[in-house]
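Asker: Just the structure for this:
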Amino acid sequence: MTFPVSDARLQIELTCQLEEVGHAARELEQFAERNHIPSAVMPHVQLALEEILTNTITHGLISVANPKLSLSCHVSNQKLILEVTDNGPEYDPRKTPPNNIAAGDERDVGGLGVYLAQQMMDGMDYLRRDNCNVLTLWKIWR
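Answerer: Now for the predicted structure:
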């Protein structure tokens, strides 16, 4: 379910199903078009969002009885700001070291989602608010 507040803000309440990752990506793409965000910026943002939402759904909220997940977006001074909020166990992804990033068969499967999100975005911040994880990511363009 989507509740656009205005062209400059988007709020999406998501169910904890992997299909919602695609729904969020489509809504974000439309938001970007309405707000004239350069198309070159969006692949980075979409990849970061996909990784964060997928990890949250498959790991963070898997054992939560009444899971809640939301995405809000807004634009400020050529900066796209995303905020992902969930009521899972406390988890600060900035403190997670990337899985072994060796090339080829030596690398374990998985473990690169947070690393990719950090590499794709210009910044990442975390706080715990009202028993929820609040992850803020931003991408700047010129």
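
Asker: all contacts plus neighbour counts: C-alpha atoms, from now on.
Answerer: OK.

Asker: Now do the same contact list for the residue nearest to residue 86 when sequence neighbours are not counted.
Answerer: In this structure, residue 86 finds its nearest non-sequential neighbour in residue 69, 4.5 Å apart by C-alpha to C-alpha, 6 or more residues apart in numbering. By C-alpha atoms under 8 Å, 6 or more residues apart in numbering, the contact set of residue 69 is 13-16, 84-87.

Asker: Out of those, which sit inside helices?
Answerer: Using DSSP state H, no member of those sits in helices.

Asker: Just the ones in strands from these, please.
Answerer: Among those, DSSP state E puts 13-14, 84-86 in strands.

Asker: For residue 136, give its distance to residue 53.
Answerer: With the distance defined as C-alpha to C-alpha, to the nearest Å, residue 136 ends up 12 Å from residue 53.

Asker: which neighbours do those two share?
Answerer: What both residue 136 and residue 53 touch, as defined by C-alpha under 8 Å, 6+ apart, is the set residue 84.

Asker: Pick out whichever of those two has more residues nearby.
Answerer: Just comparing residue 136 and residue 53: by other C-alpha atoms under 10 Å the higher neighbour count belongs to residue 53, 27 against 18.

Asker: Leaving out chain neighbours, which residue sits closest to that one?
Answerer: residue 21 (6.3 Å).

Asker: Now, of the contacts of residue 69, which are buried?
Answerer: Among the contacts of residue 69, those scoring as buried are 13-14, 16, 84-87 (criterion: 16 or more other C-alpha atoms under 10 Å).

Asker: Packing partners of the worst-scoring helix or strand of the chain on mean pLDDT?
Answerer: Least confident helix or strand, the chain: helix 113-120 with a mean of 91, by mean pLDDT, DSSP states H and E. Packing partners of helix 113-120 (3 or more C-alpha pairs under 8 Å, 6 or more residues apart in numbering; DSSP states H and E): helix 42-55.

Asker: Before I go, just wanted to say thanks for your time.
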